[in-house]
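**Q** no sequence on this one, just coordinates:
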């Protein structure tokens, strides 16, 4: 323990739902339609795969909800893996979260925010150089991204309520902007329902329906990633035994409906052939519906979406490293809680520094691609942990029990396992690098474990009655 100050439970059910929704809805929904169209090629399948992705993710949510109610403390998924498989497995998960997953996501969202803000305000154009050398160029985009990371980190250090308010406001603005895009697009936009009956022509590299669904789910799972954030802040959720399961299930259902609505508008605005040719599908759809004058408003909507997702990620991620440090398997100083603000200040600061370094390096996208395989694998292992915990802790209090146990979590383990094996064979390089990133953490774990044992031995020798008289 780094000190006597503790985290406080100040996040309501509404805060929790918004945190989950904000963490999921970032830039992914605006960028993935092209890949999904190329994989599915049929309008009905283009939309259905989003519903399928939501249902598969919901299977995992039911299992996570039971474990969240069992262990309503900071760290969430890290705790579930630790309790089921031991300290080492929990550490590898936390190591991956810190080094790449969370900090890489923060860096990527910061870069996305800077890119879209720069398109609105030319003076902040992301690609304009501030300093340049033979090996590195500092751009205005770098400065905007890092400034956003610093501001959000400071707000979260100041208090969990302040951090929650910031992400709540961003989320409500995001909801309003998406609602306007969907409602106005379908009501007055220059689209046609005829697009729903025109498939993408087959080509030499076309997938079968099943293979196409499997490939499309890679993008869908990426767009849904972030639903686990709420488990990381379990130690600050009011009445977590009730509110954690509710927020996870309700939040995911809300996001799923939002995603279906957005993609329905994409297809109303553009035929499959046009969607398959555009990286920035949201912009293409908006221009087709309303004309080129709407581009700045769409850029603002995506910038707000990136900012809100970054707020959720910064607030949540720091709690995982805090929990690891509390267990003695990470830097001890990161377990410090501010006695005035009741926030894990050091954890937030270190997270902000590493995220800023990744933002400057420009390597976050590549690193995140490498670790996506490991993220899905961690979900599969965590859902499987439910079976382990039912056996290891049969008498433990379970305020919420997983819906459809054992068939529902078993189905997720089966589907997720098949997907992970497919990804391992289809993209061995990315999967291999994901495994390598985790392996790099092993020497650090051995170091922290040795430090933990040394401190335990010192404390034992110093305790009364330990000396031989």
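**A** That came in fine, so what should we check first? The structure displayed is predicted, hence computed values, not measured ones.
**Q** contacting residues around residue 360?
**A** Contact partners of residue 360, counting by C-beta atoms under 8 Å, 6 or more residues apart in numbering, are 138, 142, 146. Using the backbone N, CA and C atoms, a C-beta is placed for each residue, glycine as well.
**Q** is the second one located within a strand, as I assumed?
**A** No - checked against DSSP: H, G, I helix; E, B strand; the rest coil, residue 142 lies outside a strand; its state is helix.
**Q** neighbours around it, how many?
**A** Around residue 142 sit 23 other residues, with neighbours defined as other C-beta atoms under 10 Å.
**Q** that one contacts residue 361, correct?
**A** No - distance between residue 142 and residue 361: 9.9 Å, which falls outside the contact criterion (C-beta atoms under 8 Å).
**Q** Serialize the contacts of residue 360 to CSV and add fields for distance to residue 69.
**A** Converted to CSV, the contacts of residue 360 look like this (distance: C-beta to C-beta, whole Å):
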residue, distance to residue 69
138, 47
142, 42
146, 38
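**Q** please tabulate those in JSON lines, including the columns distance to residue 461 and pLDDT.
**A** Converted to JSON lines, these look like this (distance: C-beta to C-beta, whole Å; pLDDT from 0 to 100):
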{"residue": "138", "distance to residue 461": "52", "pLDDT": "86"}
{"residue": "142", "distance to residue 461": "50", "pLDDT": "90"}
{"residue": "146", "distance to residue 461": "46", "pLDDT": "94"}
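**Q** low-confidence stretches in the stretch 201-350 of the chain?
**A** In the predicted model, the stretch 201-350 of the chain carries pLDDT under 70 at residues 203-207.
**Q** mind listing what the closest residue to residue 245 other than its chain neighbours touches?
**A** On the basis of C-beta to C-beta, 6 or more residues apart in numbering, the spatially nearest residue to residue 245 that is not a chain neighbour turns out to be residue 65, at 3.6 Å. Counting by C-beta under 8 Å, 6+ apart, residue 65 makes contact with 244-245, 248-249, 400, 402.
**Q** which of the residues you listed sits closest to residue 355?
**A** Minimum separation from residue 355 among the contacts of residue 65 (C-beta to C-beta) is found for residue 248, which lies at 25.1 Å.
**Q** heading C-terminal from the host helix or strand of the closest one, find the next helix or strand.
**A** Using DSSP states H and E, residue 248 falls within helix 240-269. Remark: after helix 240-269, the chain's next helix or strand is helix 272-275, criterion DSSP H and E.
**Q** residue closest to the middle of the protein?
**A** Nearest to the mean C-alpha position of the chain, by C-alpha atoms, centre = their mean, lies residue 226 at 2.6 Å.
**Q** surely that residue is in contact with residue 312?
**A** Yes - here residue 226 lies in contact with residue 312, judged by C-beta under 8 Å, at a distance of 7.0 Å.
**Q** what are the boundaries of the strands in the stretch 51-200 of the chain?
**A** Along the stretch 51-200 of the chain, counting by DSSP state E, counting those that start in this stretch, strands occupy 129-132, 137-139.
**Q** would JSON lines of these with mean neighbour count and distance to residue 53 be doable?
**A** Supplementary listing: the strands of the stretch 51-200 of the chain in JSON lines, determined by neighbours: other C-beta atoms under 10 Å; distance: least, C-beta to C-beta, whole Å:
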{"stretch": "strand 129-132", "mean neighbour count": "10", "distance to residue 53": "40"}
{"stretch": "strand 137-139", "mean neighbour count": "16", "distance to residue 53": "35"}
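**Q** need the least confident one among those strands, by mean pLDDT.
**A** For those, the bottom mean pLDDT is recorded on strand 129-132, which sits at a mean of 82.
**Q** partner strands of that one, parallel or antiparallel?
**A** The strands that strand 129-132 pairs with in its sheet are strand 137-139 (antiparallel) (by DSSP bridges).
**Q** who's in contact with the closest residue to residue 16 other than its chain neighbours?
**A** Of all residues beyond its chain neighbours, the one nearest residue 16 is residue 247 (3.5 Å), with distances taken as C-beta to C-beta, 6+ apart. Residues in contact with residue 247, defined by C-beta under 8 Å, 6+ apart, are 13, 16-17, 19-20, 230, 237.
**Q** most neighbours of all those residues, which one?
**A** Note: the member of those with the most neighbours is residue 230, at 32 neighbours, neighbours being other C-beta under 10 Å.
**Q** helices and strands around whichever helix or strand it is part of, which ones?
**A** Assignment of secondary structure by DSSP H and E places residue 230 within helix 229-232. In terms of contacts (3 or more C-beta pairs under 8 Å, 6 or more residues apart in numbering; DSSP states H and E), helix 229-232 is packed against helix 13-24, helix 43-70, helix 77-85, helix 240-269, helix 295-326.
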